[in-house]
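> sequence and predicted structure, then a few things I'm wondering about:
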Amino acid sequence: MKRAGKFLVVFVFILAFLIAYASVAQVEEASEPQKESKEPRGGFKDEEIKDPRLEISSFFVGTSSCLYCHPNMKEDFLKNPHALSLRERIPLEKQGCEMCHGPGQKHMTTAPENIVRFDKETPLSYASLCLSCHKRVLTLSDWKKNLHSRVESKWCITCHEPHKTTRFLLKRDEEHLCASCHESVMNQIRAGASKHAVFDSAQLKCTSCHNPHRGDGSLLAKKTVSETCGQCHREKVGPFTFEHISEDLPGTSSCLTCHNPHGSPNTALLTMNGRGLCLSCHQDKIIHKQGLTCFSAGCHTEIHGSNTTPIFLRQ
């Protein structure tokens, strides 16, 4: 009896200690200030990122079973780049239809709704599904920073149709696809007296200058504006001994300081016509050579940069 009494005392003591410890921990947790969220500006949260295929409790049946019920998809799919996954050495879960739509056994037998339909989850969840294979195009972390990801309900299939046989699986030709969202930009191109004629050129496209998958917020094809323009206009971007406008100078945007790359009512894609363009920076020259523009007067002809004169005079 004495031994049982001692055991009871020890047990009660330990239980009281644990209750007191738990109470202190709760108080400390409640008193901690809320940490500021470091989520990207798009507002994505980790709990939104889930693979919808993993939520389907079923078995894989193979693409041939899928095409038996969906014969209208067969011809296009077998010409589609995704059909390259139909190889014996590739695991069944990474082949064909079920690679994206998840296991199809229950969908075929008892629960038709038990399949990934691409219309019930968050855009980020489905983007994560596409990027599980297309990591070379874009990582999920970069997609969060991409400007296109911040538009509500916009993700991969806004532009791509995974069952099509078109170039890059695009839903439409590139310029009209971009125009479906970027109407104001396309109006500049259509109306501009000078323009980058993406609608009339076989070589020049929106992606000549823009990378829609880029994850740093710029969507430029190259790292900087000058590098992007320099793909075609190499002689205009230097390097020069005397730069007119440099990407490294604070407050400048390089080519964009003077040019509107999409289209302009002025010649040479200039943002303003006449000497007003130069005077927007060089106000001290307002009475210098009145009536003439700086470049048409025949003096400052090397306006993009020079290797011999800091005021870009004619050589």
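Noted; the coordinates are in hand. All values reported here derive from a predicted model rather than from experimental measurement.

> pLDDT below threshold where in the stretch 201-315 of the chain?
217, 248-253, 296 (pLDDT under 70).

> and residue 289, backbone torsions?
Here is the backbone geometry of residue 289 (degrees, to the nearest 10): phi 50, psi 50.

> I figured it hits residue 300, correct?
No: using Cβ atoms under 8 Å, residue 289 makes no contact with residue 300, being 9.8 Å away. In short, each C-beta sits where N, CA and C put it, glycine included.

> neighbour count for those two, which is higher?
residue 300 (19 against 14; other Cβ atoms under 10 Å).

> contact partners for the more buried one?
294, 311-314 (Cβ atoms under 8 Å, 6 or more residues apart in numbering).

> in TSV: the residues you listed, plus distance to residue 144, neighbour count and secondary structure.
Listed next are the contacts of residue 300 as TSV, based on distance: Cβ to Cβ, whole Å; neighbours: other Cβ atoms under 10 Å; DSSP: H, G, I helix; E, B strand; the rest coil:
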residue	distance to residue 144	neighbour count	secondary structure
294	45	21	coil
311	46	11	coil
312	43	21	coil
313	49	13	coil
314	50	12	coil
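
> from these, pick the one nearest residue 84.
residue 312 (54.0 Å; Cβ to Cβ).

> now do the closest one against residue 304, distance only.
8 Å (Cβ to Cβ, to the nearest Å).

> any common contacting residues for the two?
With Cβ under 8 Å, 6+ apart, residue 312 and residue 304 have common neighbours residue 244.

> are we agreed that residue 106 is in a helix?
Yes: according to DSSP: H, G, I helix; E, B strand; the rest coil, residue 106 belongs to a helix.

> quick one, phi/psi of the residue nearest to residue 63 when sequence neighbours are not counted?
Among residues not flanking residue 63 along the chain, residue 96 sits closest, at 3.1 Å (Cβ to Cβ, 6 or more residues apart in numbering). Main-chain torsions, residue 96, degrees, to the nearest 10: phi 50, psi -140.

> wait, residue 96 touches residue 65, no?
No: with contact defined as Cβ under 8 Å, residue 96 and residue 65 do not form a contacting pair (9.9 Å).

> of those two, who's got more company?
Counted by other Cβ under 10 Å, residue 96 and residue 65 do not tie: residue 96 has more neighbours, with 24 against 17.
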